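Peer 1: Build the 3D model from these lines:
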Amino acid sequence: MKIMKSAEDYLETMLMLQERHGYIRSIDIAAELGVTKPSVSYATKRLREAGYISMAEDGHITLLPPGLEIAERIYERHKLLTELLTNLGVDPAQAREDACKIEHDLSVESFEAIKRHVKACH
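Peer 2: Okay, the predicted model is just below:
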């Protein structure tokens with residue numbers, strides 16, 4: 001299933017916040033992505049309607065299995081690409097920024113090849 005880059009960014013950010021804080025809140029998503037609260041409200045509504053997340057009465061967000069699967073895939077790509085670029089001598093901040101751009105458009109075949117290469121180098 002094809003999902004928009006912005007939705008992937010939101011799901012990845014939610015996973016990162018879950019790992020960092022143990023919970024996910026809209027206000028934290030807005031701060032992490034540098035977007036407005038209304039933008040987060042719109043995005044979470046769409047993600048909820050698509051079955052990627054659920055929201056509790058207290059506003060806490062939970063990644064549902066389909067959303068978690070996408071988030072983990074994108075986050076794995078982000079971490080590995082950041083590591084690869086950093087190991088090639090790219091400044092860590094620039095490597096994270098570039099990884100974020102690459103992670104969405106890279107084919108499965110190319111990512112798997114990069115993953116094999118990184119493992120072989122360790």
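Peer 1: list the buried ones in the helix or strand bottoming out on mean pLDDT in the chain?
Peer 2: The weakest-scoring helix or strand in the chain, judged by mean pLDDT, DSSP states H and E, is helix 108-121 (a mean of 89). Residues of helix 108-121 classed as buried: 111, 114 (neighbour count, 16 or more other CB atoms under 10 Å). Glycine gets a C-beta too; all of them are placed from N, C-alpha and C.
Peer 1: tell me how far it is from the chain's mean position?
Peer 2: Its chain's C-alpha centre and that of helix 108-121 lie 19 Å apart, by CA atoms, centre = their mean, to the nearest Å.
Peer 1: hmm, who's touching it?
Peer 2: Helix 108-121 has contacts (CB atoms under 8 Å, 6 or more residues apart in numbering) with 77, 80, 81, 83, 84, 87, 106.
Peer 1: so how far is residue 5 from residue 101?
Peer 2: To residue 5, residue 101 is 10 Å away according to CB to CB, to the nearest Å.
Peer 1: what about the helices in this protein?
Peer 2: All helices of the chain, identified by DSSP state H, fall at 5-21, 26-33, 37-49, 65-87, 92-102, 108-121.
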